[in-house]
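1. Whatever this is, show me its structure:
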Amino acid sequence: MRIVVLGGAGKMGSIAVQTLAQDARVHEVVLADYNLENARAVAEVIGSPKVQVSFVDVTDPEGLRAVLRGADACVNAVVYYFNMPIMEACLDEKVPYVDMGGLFHGTRKQLQLHDRYAAAGVAAVLGMGSAPGIPNVQARYAADRLDTLEYIRIYDGILPPPEDEVRFTYAVPTILDEMTLSPMVYRDGEFVEMPPLSEFEDYCFVEPLGVLPMHLSLHSEVATLPLSFQHKGVREVFFKINFWGLSRTAVEKLSVLAEFGLHKKEPVRTKRGVEVSPREVLEAVLEPYVPPVTAFLAPPTRKPPQWVKEIVTEVKGTKDGETVVYRLGTTTVKGALPTGAAPALTAIWLAQGRVPAGVYPPEQVIEPEPFFDELAALDILTTVGVTRPLKG
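-> Below you'll find the model as predicted:
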């Protein structure tokens, strides 16, 4: 089994590469990236003969197709702006595809490729990272056991860093978009646009997370879950997170910069007549606050990073006329970060032919219990709580 990881030298892509390299079902992992220096550093830390480094520029269609050619599956760990052209290249080469999300609007565009993928006999799973991804499968687990659904509420809890720490643990462009783009929620049968950083509530996670302040954020789960479970009458779907795993200080500083328009991509003209994109400048300025990519890996010679994270999906509905609430929590405290591990496992399933041809969100094609078992082997554990009315 040969699997290509595009953006394999990135923070989450490198975890996908490591997960694949450690899996006995995989014989070769192509770590494809634009930054060969980082790619070689990642490969050295992983230390597996299965890992082959390759240069790729995803904006070069011919070069991209050449890297994909002959692969059994592709993990797209590149920033979501490039999801569509990468999907087109995978379709051309008939390579099954998985990514980590399209931030709602991108996912909806990608779903439009379903008929072409199905006709070509190629499978794709969209938004199969930590979140989106795991919450979709959690929701499927509960929905399979309920006759009707009332709501699906997703809470992504991350152990906060020190209050004054400023660092970014995943793609800065995505963080900026999540902070500044309007979240979408599904309420009373309609998609509704909400203000960023709105609808705060305190939510109780497992220890050592405890109670965390949660707010709305734009995410891909909301784009698909209402449609997948429309037949069960779902009326509400939302996604909340606690400051994207950043400190309050970092969020406050970025919020001020955004208020001044530094998150905008449109070029502005300086007094010297030079046109520059405020967004590109901001991303360059923030680069020193991104940890080295190798800090996200767990080589055999040292302990893995202490990820502490619980992804919770609460689903309320009815079973045999009784109201039932499911709470599924997927936790990692010492294993691989699920953002990289989940798409790696999905790529293996794609290569094994366990996903039908077409383009799907995770809840439609990923069987929950076998998938949770595979995550558990990586110390990513899922628990289920069920609340029912007392009888008698």
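2. Next, please give the residue ranges for the strands of the stretch 51-200 of the chain.
-> Remark: strands assigned in the stretch 51-200 of the chain by DSSP state E, counting those that start in this stretch are 51-55, 73-76, 97-99, 123-125, 148-158, 184-187, 190-193.
3. Make a markdown table from these and add mean neighbour count to it.
-> For the C-beta atoms, the positions are set from N, CA and C on the backbone; glycine is no exception. Shown next, in a markdown table, are the strands of the stretch 51-200 of the chain (neighbours: other CB atoms under 10 Å):
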| stretch | mean neighbour count |
| --- | --- |
| strand 51-55 | 17 |
| strand 73-76 | 30 |
| strand 97-99 | 30 |
| strand 123-125 | 27 |
| strand 148-158 | 23 |
| strand 184-187 | 20 |
| strand 190-193 | 12 |
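4. Same list (those) but as a markdown table, adding mean pLDDT and distance to residue 172.
-> Listed next are those as a markdown table, based on pLDDT from 0 to 100; distance: least, CB to CB, whole Å:
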| stretch | mean pLDDT | distance to residue 172 |
| --- | --- | --- |
| strand 51-55 | 98 | 22 |
| strand 73-76 | 98 | 18 |
| strand 97-99 | 98 | 18 |
| strand 123-125 | 98 | 25 |
| strand 148-158 | 97 | 17 |
| strand 184-187 | 98 | 22 |
| strand 190-193 | 97 | 24 |
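5. could those go into CSV alongside distance to residue 237?
-> Output for the strands of the stretch 51-200 of the chain, formatted as CSV (distance: least, CB to CB, whole Å):
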stretch, distance to residue 237
strand 51-55, 38
strand 73-76, 24
strand 97-99, 20
strand 123-125, 19
strand 148-158, 5
strand 184-187, 4
strand 190-193, 9
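6. looking at the ones you listed, which is closest to residue 175?
-> strand 148-158 (12.5 Å; CB to CB).
7. Measure how buried residue 210 is and give me the count.
-> A count of neighbours around residue 210, defined by other CB atoms under 10 Å, yields 12.
8. Buried ones in stretch 74-87, by neighbour count?
-> Neighbour-count burial for stretch 74-87, counted by 16 or more other CB atoms under 10 Å, picks out 74-80, 82-83, 86-87.
9. Can you check the distance spanned by it, start to finish?
-> In stretch 74-87, first residue to last residue: 10 Å (CA to CA, to the nearest Å).
10. and it, how far out from the chain's middle?
-> Centroid displacement of stretch 74-87 relative to its chain, using CA atoms, centre = their mean, to the nearest Å, is 12 Å.
11. hmm, back to that, which one of the strands of the stretch 51-200 of the chain lies closest to residue 291?
-> Taking CB to CB, strand 148-158 is the member of these nearest to residue 291, at 15.0 Å.
12. residues making contact with that closest one?
-> With CB atoms under 8 Å, 6 or more residues apart in numbering as the test, strand 148-158 has contacts from 130-131, 135, 139, 142-143, 203, 205, 209, 212, 214, 219, 221, 225, 229, 232-242, 244-245, 308-318.
13. Which of the residues you listed fall in strands?
-> 203, 212, 214, 236-241, 309-318 (DSSP state E).
14. Kindly state the beta-bridge partners for residue 191.
-> Using DSSP bridges, the bridge partners assigned to residue 191 are residue 186.
15. could you measure it against residue 358, distance?
-> Remark: distance between residue 191 and residue 358 (CB to CB, to the nearest Å) = 23 Å.
16. Same question for residue 385.
-> Using CB to CB, one gets 33 Å for the distance from residue 385 to residue 358.
17. can you check residue 76 too?
-> 17 Å.
18. helix or strand for residue 266, which one?
-> Under DSSP states H and E, no helix or strand contains residue 266.
19. I figured it hits residue 277, correct?
-> Yes: with contact defined as CB atoms under 8 Å, residue 266 reaches residue 277; the gap is 7.1 Å.
20. Between the two, point out the one with more neighbours.
-> Ranked by neighbour count (other CB under 10 Å), residue 266 and residue 277 place residue 277 first, with 14 against 9.
21. If we ignore the residues flanking it in sequence, what's nearest that one?
-> Computed as CB to CB, 6 or more residues apart in numbering, the closest residue to residue 277 that is not its neighbour in sequence is residue 267, at 5.1 Å.
22. Could you tell me the per-residue confidence at that neighbour?
-> Predicted confidence (pLDDT) for residue 267: 91.
23. Between residue 385 and residue 358, point out the one with more neighbours.
-> residue 358 (21 against 11).
24. What ranges in the chain fall below the confidence cut-off?
-> 294-296, 298-307, 334-336, 392 (pLDDT under 70).
25. and the ones in strands among the contacts of strand 148-158, which are buried?
-> Using 16+ other CB under 10 Å as the burial test, the ones in strands among the contacts of strand 148-158 include 203, 212, 214, 236-241, 309-317 as buried.
26. This protein - how does it break down into domains?
-> Here the domain parsing of the chain from automatic domain parsing is 2-130+337-379, 134-332.
27. from the ones you listed, which stretch is densest packed?
-> By mean neighbour count, with neighbours taken as mean count of other CB atoms under 10 Å, domain 2-130+337-379 ranks first of those at a mean of 21.
28. Any idea how far apart the tips of that one sit?
-> Using CA to CA, the end-to-end distance of domain 2-130+337-379 comes to 25 Å.
29. how distant is it from the center of its chain?
-> Relative to its parent chain, domain 2-130+337-379 has a centroid offset of 12 Å by CA atoms, centre = their mean.
30. would you put the C-alpha positions of stretch 202-215 in PDB?
-> Output of stretch 202-215 as PDB, limited to C-alpha atoms (Å, rounded to 0.1, in the frame of the first residue of the first chain):
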ATOM      1  CA  ASP A 202     -19.100  27.100  29.700                       C
ATOM      2  CA  TYR A 203     -18.800  23.400  29.000                       C
ATOM      3  CA  CYS A 204     -17.500  20.600  31.200                       C
ATOM      4  CA  PHE A 205     -14.900  18.300  29.700                       C
ATOM      5  CA  VAL A 206     -13.000  15.400  31.200                       C
ATOM      6  CA  GLU A 207     -10.100  16.200  33.500                       C
ATOM      7  CA  PRO A 208      -7.600  17.800  33.200                       C
ATOM      8  CA  LEU A 209      -9.600  20.100  30.900                       C
ATOM      9  CA  GLY A 210     -12.500  20.800  33.200                       C
ATOM     10  CA  VAL A 211     -14.800  23.700  32.400                       C
ATOM     11  CA  LEU A 212     -13.800  25.700  29.400                       C
ATOM     12  CA  PRO A 213     -15.400  28.800  27.700                       C
ATOM     13  CA  MET A 214     -16.700  27.700  24.300                       C
ATOM     14  CA  HIS A 215     -17.800  29.900  21.300                       C
END
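31. No further questions, thank you.
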